[in-house]
Structure formats: C-alpha cells, structure tokens
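Trainee: one predicted model, sequence on top.
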Amino acid sequence: MEKIQKELLDMFKEDQKMRAKNSYDIKVDKRNVKRLNQIIIKYGWPSSVGKKAENAAWLIAQHADFNIRFQEKCLKLIQKLPKTKERKSFVAYLTDRIAVNKKRKQTYGTQFHQGRDGKLKPRPIKDIKNLEKRRKEIGLESFNKYKKKMEKLA
C-alpha cells in the first residue's frame with residue numbers, strides 16, 4: 001500500500017501545482033481520475049493509505065467534474081466507511097459538488113463561484129434556514145465563518 005500512498009500523494013501534488021499556476025489542464029484531472037478508478041477497482045476506496053493519501057483521493061474525486069458518475073461512485077464508497085471527521089467533510093463537499101454539477105441546489109453550502117461583479121458567491125443552497133443545522137450535524141464550521149474564509153482566498 002506504500003506504493004499506492006506515494007502515487008496518490010504525487011497525483012495530489014500535480015493537481016495542486018496545476019491549479020496554483022492558474023493553468024488548468026483537464027488532462028491532469030482525467031489522468032488522475034483514470035488512475036484513481038483503477039485503484040478503487042482493485043482495492044476499493046483507499047482508506048488504509050493514511051489520512052493525507054486518502055485526502056488526495058477525495059480531492060481527485062472532487063475535481064472530477066467531467067465525470068459525475070465517478071464522483072457518485074466515490075461518494076457511495078466513502079459513505080460506507082466508518083465516519084471520521086475527515087470523511088464527514090468529504091461527504092459534504094462531494095455531495096454539494098455533485099449537486100452543483102447536476103445543476104441542483106447544494107445541501108451544505110460548500111461550493112462557491114465568482115459572480116458577475118467579481119465577488120465570490122455561494123452556489124444556490126436548498127432549505128437555507130436549516131443550513132447551519134446540517135453543517136453542524138456533519139461537523140462543518142458555521143456557514144458565515146466558512147464564507148469569510150472563502151472570500152479571503154478569492
């Protein structure tokens with residue numbers, strides 16, 4: 001499993017390097033998704049490779065916007081595992097990402113976009129009056145605190 005761990009961490013580094021340069025290349029995402037899918041087919045969700053490598057696998061799934069079925073497959077696998085703080089977060093972010101990709105309202109308010117005015121705005125959220133309750137149940141910080149963090153990153 002050390003080989004898989006190193007491979008996932010290398011894929012993560014490549015993903016982040018590409019995004020940090022603001023030079024998006026879908027080939028990187030497609031290559032990473034193809035390899036992660038091979039790993040999943042052979043071993044299942046890589047939950048025994050350490051937190052950092054499992055986080056790398058989740059990020060690859062999160063960035064697989066061109067393959068919603070793959071994102072849904074990963075979400076189902078993660079949901080079957082013991083619920084750690086990290087995995088609850090994976091579920092929230094991936095649930096929202098899939099909803100946004102399907103042009104639906106998100107559940108946890110994790111997904112943002114740049115509005116026409118150049119400001120970062122949350123994607124549409126369903127049942128907004130119960131948003132804080134849902135976020136708390138899954139272990140996420142308050143939406144306002146998260147929104148402020150996101151605005152600083154923009």
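Mentor: Received it, and whenever you're ready, just let me know what you need. Residues are numbered from 1 along each chain as shown.

Trainee: nearest residue to the middle of the protein?
Mentor: residue 62 (3.3 Å; CA atoms, centre = their mean).

Trainee: strands along the protein, start to end?
Mentor: 112-114, 120-122 (DSSP state E).

Trainee: what about the residue of the chain positioned farthest from its centre, distance to residue 150?
Mentor: In the chain, the residue that sits farthest from the middle, by CA atoms, centre = their mean, is residue 117; the gap is 25.8 Å. As judged by CB to CB, to the nearest Å, residue 117 and residue 150 stand 16 Å apart. For the C-beta atoms, the positions are set from N, CA and C on the backbone; glycine is no exception.

Trainee: how about the helices of the protein, start to end?
Mentor: With DSSP state H as the criterion, the chain has helices at 2-20, 26-43, 51-62, 68-79, 85-101, 131-138, 143-153.

Trainee: CSV please, covering those and showing mean pLDDT and distance to residue 113.
Mentor: Formatted as CSV, the helices of the chain follow (pLDDT from 0 to 100; distance: least, CB to CB, whole Å):
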stretch, mean pLDDT, distance to residue 113
helix 2-20, 95, 15
helix 26-43, 97, 18
helix 51-62, 97, 15
helix 68-79, 98, 17
helix 85-101, 97, 9
helix 131-138, 97, 17
helix 143-153, 91, 10
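
Trainee: out of those helices, which one sits most buried?
Mentor: Mean neighbour count (mean count of other CB atoms under 10 Å) peaks for helix 51-62 among the helices of the chain, with a mean of 21.

Trainee: quick one: list the elements packing against it.
Mentor: helix 2-20, helix 26-43, helix 68-79, helix 85-101 (3 or more CB pairs under 8 Å, 6 or more residues apart in numbering; DSSP states H and E).

Trainee: and those as JSON lines, adding distance to residue 129?
Mentor: JSON lines is the format used below for those (distance: least, CB to CB, whole Å):
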{"stretch": "helix 2-20", "distance to residue 129": "34"}
{"stretch": "helix 26-43", "distance to residue 129": "35"}
{"stretch": "helix 68-79", "distance to residue 129": "25"}
{"stretch": "helix 85-101", "distance to residue 129": "17"}
